[in-house]
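Engineer: Any chance you can model this:
(one chain, ligands or ions: 1)
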Amino acid sequence: MGSDNIIKVVKFGGSSLADVNQFKKAYEIVKSDPSRRYVVASAPGKRTPDDNKVTDMFYACYDMAAAGLSIDSFFRGITERYDSIIEGLGIDCDLSEEYEIIKNMLIHKAGRDYAASRGEYLSSIILAKYLGYDFINASDVIFFNENGVFDDERTNTELSLALKMHERAVIPGFYGSMPNDTIKTFPRGGSDVTGAIVARAANADIYENWTDVSGFLMADPRIVKNPLGISVITYRELRELSYMGASVLHEDSIFPVRHAGIPINIRNTNDPSAPGTMIVPSTTDYSSHHIITGVAGKKDFSVIHIEKDRMAYERGIMRRVLEILDCNGINVEHVPSGIDTMSVVVATAQIKDKRNYIAEAIRRSVSPDYVAIEDGLALIAVVGRGMVRSKGVAARIFRAVAEAGINIRMIDQGSCELNIIIGVDESDFERALCAIYNEFVK
Ligand code: ASP
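Structural biologist: Modelled structure (predicted):
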């Protein structure tokens with residue numbers, strides 16, 4: 001058993017298993033803590049910026065085979081990567097039979113997902129051998145239904161049972177099996193999902209996601225110079241920030257642990273002593289040093305402005321406008337409104353070809369005094385659980401932006417007080433974001 005019966009599920013991403021040195025780092029990490037009992041592995045990723053990910057090499061192989069081309073030399077490129085890892089680790093692991101089977105399957109067009117999945121399959125066999133852990137094939141424990149939708153319940157039941165029978169195991173990320181036993185993968189980057197599924201089934205105390213950064217940053221480093229890292233973030237804050245463009249874990253990749261209330265710790269394989277970022281279900285156990293947790297934003301929004309005298313007394317205007325947008329398949333982001341005005345913020349790409357039609361439909365339906373669609377809006381979300389009930393946060397945001405000489409075109413605060421969203425001209429976006437960051441992070 002692990003120390004104090006704590007169970008940690010650790011997932012290593014592609015960059016963490018890109019070559020023999022990375023495998024060695026992963027080994028040290030796993031071995032340094034006996035509670036790291038279940039390991040989910042990605043396929044080897046890029047070793048240098050212009051290198052290929054093994055997953056992409058498998059996709060290319062599949063495409064070549066499908067086009068009737070010979071895959072011999074290309075396939076050898078893949079096996080050489082694995083063999084150099086095995087050799088460098090000095091382990092007794094002969095994959096030649098596996099290579100033969102995979103190559104045959106590719107030639108016989110076993111499927112694109114099958115091809116892509118072999119990246120994690122092979123790296124997991126190697127890692128299991130190296131660690132002295134059991135190997136559990138993901139196709140035996142991760143299931144999709146006949147529509148290709150992940151089968152949550154069946155997987156959780158069967159995977160939990162399987163894990164109980166293995167004290168320590170390595171499970172390949174990214175794929176599972178269909179009812180007809182063919183292989184299906186999650187979307188790209190899907191080993192994160194597998195890690196979360198395994199963490200839930202193991203009833204883990206924590207899901208460690210090992211990657212090549214020491215957690216999330218409070219702002220985009222391309223905009224703010226050297227932003228601070230986020231030490232603790234709640235699932236809801238994460239959702240707000242990632243929706244607004246922060247490149248953090250995709251929501252889909254955390255749903256299994258989120259529902260189970262298991263915290264995720266984002267860690268850096270290349271800097272294992274850094275604590276990384278903790279993603280937690282609720283704030284109660286974790287106080288925040290900063291009022292804001294992060295600030296993120298996106299460009300390319302448009303605003304539909306509608307004005308009508310005495311709009312406030314007329315029922316159904318908002319409903320009719322929203323109905324028009326709904327019927328045209330347009331997603332609404334925000335609806336800030338005044339007494340006799342309302343605005344609807346939408347992504348510009350959504351109304352691209354339909355703007356005249358939409359304006360006309362609104363004219364016909366609500367007979368406004370004025371309707372116009374303006375582009376060039378950027379939205380910035382200031383997110384933080386520390387904002388709840390703390391006074392003067394909005395004032396500080398507005399002052400910081402005003403002092404930078406920037407006009408705020410729109411304001412929206414959710415009633416949960418978790419975020420304040422402002423709209424500025426796209427040309428002011430970066431400066432506004434820096435001004436807000438600097439106001440709260442000194
Ligand atoms: N290897 C897969 C990909 O490159 C899945 C993953 O690494 O998470 O997308």
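Engineer: Doesn't residue 375 belong to a strand?
Structural biologist: Yes. Secondary structure of residue 375, determined by DSSP: H, G, I helix; E, B strand; the rest coil: located in a strand.
Engineer: count of neighbours near the residue lying closest to it once chain neighbours are set aside?
Structural biologist: In this structure, residue 375 finds its nearest non-sequential neighbour in residue 302, 4.8 Å apart by C-beta to C-beta, 6 or more residues apart in numbering. Where C-beta positions appear, they are placed from N, C-alpha and C, glycine not excepted. A total of 20 residues lie near residue 302 under the criterion other C-beta atoms under 10 Å.
Engineer: For stretch 175-194, which outside residues touch it?
Structural biologist: 11, 13-14, 40-42, 55, 110-111, 113-114, 116-117, 120-121, 138-146, 148, 150, 155, 171-174, 209, 249-250, 252-254, 256 (C-beta atoms under 8 Å, 6 or more residues apart in numbering).
Engineer: So among the residues you listed, which ones count as buried?
Structural biologist: Under a neighbour-count criterion of 16 or more other C-beta atoms under 10 Å, the subset of the contacts of stretch 175-194 counted as buried comprises 11, 13-14, 40-42, 55, 110-111, 113-114, 116-117, 120-121, 138-139, 141-144, 150, 155, 171-174, 209, 249, 253-254, 256.
Engineer: just checking, which of those belong to helices?
Structural biologist: Judged by DSSP state H, the subset of these located in helices is 55, 113, 114, 116, 117, 120, 121, 138, 139, 141, 155, 256.
Engineer: what's the closest non-adjacent residue to residue 246?
Structural biologist: Closest residue to residue 246 in three dimensions, ignoring its sequence neighbours and counting by C-beta to C-beta, 6+ apart: residue 296, at 3.9 Å.
Engineer: Could you measure from that neighbour over to the ligand?
Structural biologist: Taken as C-beta to the nearest ligand atom, to the nearest Å, the spacing of residue 296 relative to the ligand amounts to 23 Å.
Engineer: Remind me which helix or strand that residue belongs to.
Structural biologist: Using DSSP states H and E, residue 296 maps to strand 294-307.
Engineer: Which neighbouring elements make contact with that strand?
Structural biologist: The criterion is 3 or more C-beta pairs under 8 Å, 6 or more residues apart in numbering; DSSP states H and E, and the helices and strands that strand 294-307 contacts are helix 235-243, helix 317-327, strand 341-347, helix 348-351, helix 355-366, strand 370-383, helix 429-440.
Engineer: and these as a markdown table, adding mean neighbour count?
Structural biologist: Formatted as a markdown table, the entries for the helices and strands packed on strand 294-307 read as follows, by neighbours: other C-beta atoms under 10 Å:
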| stretch | mean neighbour count |
| --- | --- |
| helix 235-243 | 21 |
| helix 317-327 | 16 |
| strand 341-347 | 20 |
| helix 348-351 | 17 |
| helix 355-366 | 15 |
| strand 370-383 | 20 |
| helix 429-440 | 20 |
